[in-house]
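S.K.: Got a predicted structure plus its sequence, pasted below:
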Amino acid sequence: MADGPAPVIERADNFAGFDASRVPSPCFVLDLAKLEDNLQILSAIAEGSGAKVLLALKAFSCFAVADLIGAHLHGTAASGLWEARLGRTRFGGEVHTFAPGLKAGDLDELVSLSDHLIFNSLGQWERFGGRPGCTAGLRINPRHSEVATPLYDPCAPWSRLGVTAEQLGDRLPDGISGLHVHALCDQGFEPFDRLLAATEEKFSGHFDQISWLNLGGGQLLTAPDYPVGRLVERLKDLRARTGLDVYLEPGTAVALNAGVLVTEVLDTGAAEGHFAITDASATCHMPDVIEAPYTPEISGAEIVEDAGASESTDPCVIRLGGPTCLAGDVIGTYRFAHPLEVGERLMIADQAYYTMVKASTFNGTPLPGIALWDPRSDGLEMVRQFDYETFENRLS
């Protein structure tokens, strides 16, 4: 495969042709064409490199598109019993499970659901390992940080994730057939290349004791500027030198730029500056906006960073916030083409991953619906809406 950007079909604003009034608000809308574009890139990486690619369910678990995903990827990566069950029953293919904490009562079912069960510590392996039924692996921590935000850095000091080279020693425990490393977050090829080099430096002495190596996720493999060819060659070289089966576990990359969150303006006003209240909540529906933090793009609007006095008097510069009582439930500050009006629909971009899987009903806030849209035919399918019982049934 030639080096260069991923062979993505460009859709700079792939929802420009979507009428937001066609769905209830709030609502997650997935672009099936863009999702398929991403999956074709990931499939090409697997074919070119000989690696296997798994969907990380922790980022994107929309089983309404499981058949499409299964046609391109090898299976799923789960973070515990329930995701493993979802992967096995809804998605098919291989299921690889890793959880920092395991319960003894879950082990029999986890083993029955998983092709690979990856242990987080030597103590965890000693307590729960050695059960027949699936292949066992061990998560490693190369103590090599590429992630700037400690919240998302598995190799940050005092990390609870993975076994270090010093802890592991020269020999793997009997029964461990593979190693797993994950230490990236929405990054490009160069951080991956450095991480892999650090992993080889510290753990290659164990490669003759294993048959597979799982390199985790955290790479924006489907971004237009990602050098797919360089990744393929790096993985081919790794496989040729070591003879190992290699796995990747993308999450964000599967659904990158493939979804929006439709929201409706509920109220407008002004204090120091102009604001609008929407029925989409950063706290409930897009928690990474607050946790990362970051400001999501909105179709037809410009993000305003560090708005000052001049912007505060402009009725087109508006701070959007959700409907909850949390003062910090703020989506961002934007410059719109016109002052917003009550009832107006907005589309918050790139909200397919780490949104549906994290959404909550805090404050009694309704969960967004889920819709599938195919821009090639303009077909729209409303696959899920949530009602009051969804909220009540989570409580006692």
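M.R.: Everything's here; your move. Note that the coordinates shown come from a computational prediction; the quantities given were computed from them, not determined experimentally.
S.K.: dump the residue contacts of V289.
M.R.: By C-beta atoms under 8 Å, 6 or more residues apart in numbering, V289 lies in contact with 282, 295-296, 331-332. Using the backbone N, CA and C atoms, a C-beta is placed for each residue, glycine as well.
S.K.: Actually, P323.
M.R.: Applying C-beta under 8 Å, 6+ apart to P323 gives the contacts 266, 277-279, 281, 329, 363, 365.
S.K.: ok, so what distance separates it from T283?
M.R.: Between P323 and T283 the distance is 10 Å, computed by C-beta to C-beta, to the nearest Å.
S.K.: list residues touching both of these two?
M.R.: Jointly contacting P323 and T283 under the rule C-beta under 8 Å, 6+ apart are 329, 363, 365.
S.K.: residues in contact with the nearest residue to T365 once chain neighbours are set aside?
M.R.: Nearest non-adjacent residue to T365, counting by C-beta to C-beta, 6 or more residues apart in numbering: C284, 4.5 Å away. Contacts for C284 were tallied using C-beta under 8 Å, 6+ apart; they are 322, 324, 329, 359-363, 365, 367.
S.K.: Would you mind checking the average pLDDT for the helix or strand harbouring C284?
M.R.: C284 is part of helix 282-285 when elements are defined by DSSP states H and E. When pLDDT is averaged over helix 282-285, the result is 98.
S.K.: can you count the residues close to the spatially closest residue to G321 that is not a sequence neighbour?
M.R.: Spatially, and ignoring its direct neighbours in sequence, G321 is nearest to V330 (4.8 Å; C-beta to C-beta, 6+ apart). Other residues within reach of V330 by the criterion other C-beta atoms under 10 Å amount to 19.
S.K.: swap in the one 4 residues further on?
M.R.: Applying other C-beta under 10 Å, we find 23 other residues in the vicinity of Y334.
S.K.: For it, which residues count as its bridge partners?
M.R.: I303, I318 (DSSP bridges).
S.K.: For the stretch 1-150 of the chain, which segments count as helices?
M.R.: Assigned by DSSP state H, counting those that start in this stretch, the helices in the stretch 1-150 of the chain fall at 32-49, 66-70, 81-86, 107-113, 122-128.
S.K.: any chance of these in CSV, with mean neighbour count and mean pLDDT too?
M.R.: As requested, those are arranged in CSV below (neighbours: other C-beta atoms under 10 Å; pLDDT from 0 to 100):
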stretch, mean neighbour count, mean pLDDT
helix 32-49, 20, 98
helix 66-70, 17, 98
helix 81-86, 19, 98
helix 107-113, 16, 96
helix 122-128, 15, 95
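S.K.: so which of these gets nearest L215?
M.R.: Between L215 and the helices of the stretch 1-150 of the chain, the shortest gap by C-beta to C-beta is with helix 32-49, which sits at 10.8 Å.
S.K.: Using the record's assignment, carve this structure into domains.
M.R.: Dividing the chain into domains by automatic domain parsing, as the record does, gives the ranges 50-255, 259-351+359-392.
S.K.: so which of those domains comes closest to S25?
M.R.: Among the domains of the chain, the nearest to S25 by C-beta to C-beta is domain 259-351+359-392 (4.0 Å).
S.K.: what about that closest one, distance to the chain center?
M.R.: Centroid displacement of domain 259-351+359-392 relative to its chain, using C-alpha atoms, centre = their mean, to the nearest Å, is 20 Å.
S.K.: Can you give me the end-to-end span of that domain?
M.R.: 28 Å (C-alpha to C-alpha, to the nearest Å).
S.K.: ok so, going back, now render the helices of the stretch 1-150 of the chain as CSV, adding distance to E146.
M.R.: As requested, those are exported to CSV (distance: least, C-beta to C-beta, whole Å):
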stretch, distance to E146
helix 32-49, 20
helix 66-70, 27
helix 81-86, 25
helix 107-113, 30
helix 122-128, 25
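S.K.: F207: which of those is closest?
M.R.: With C-beta to C-beta as the yardstick, what comes closest out of the helices of the stretch 1-150 of the chain is helix 32-49 (17.3 Å).
S.K.: Can you show me the CA trace of that closest one as PDB?
M.R.: What follows is the C-alpha trace of helix 32-49 in PDB, where atoms were taken according to Å, rounded to 0.1, in the frame of the first residue of the first chain:
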ATOM      1  CA  LEU A  32     -23.800   5.200   7.200                       C
ATOM      2  CA  ALA A  33     -21.800   6.200   4.200                       C
ATOM      3  CA  LYS A  34     -19.100   7.900   6.300                       C
ATOM      4  CA  LEU A  35     -19.100   4.900   8.700                       C
ATOM      5  CA  GLU A  36     -18.500   2.600   5.800                       C
ATOM      6  CA  ASP A  37     -15.700   4.800   4.500                       C
ATOM      7  CA  ASN A  38     -14.000   4.400   7.900                       C
ATOM      8  CA  LEU A  39     -14.500   0.700   8.000                       C
ATOM      9  CA  GLN A  40     -13.100   0.300   4.500                       C
ATOM     10  CA  ILE A  41      -9.900   2.100   5.600                       C
ATOM     11  CA  LEU A  42      -9.600  -0.200   8.600                       C
ATOM     12  CA  SER A  43     -10.200  -3.300   6.500                       C
ATOM     13  CA  ALA A  44      -7.500  -2.100   4.100                       C
ATOM     14  CA  ILE A  45      -5.100  -1.700   7.000                       C
ATOM     15  CA  ALA A  46      -5.800  -5.300   8.100                       C
ATOM     16  CA  GLU A  47      -5.500  -6.700   4.600                       C
ATOM     17  CA  GLY A  48      -2.200  -4.800   3.900                       C
ATOM     18  CA  SER A  49      -0.500  -5.500   7.200                       C
END
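S.K.: Thanks a lot, catch you later.
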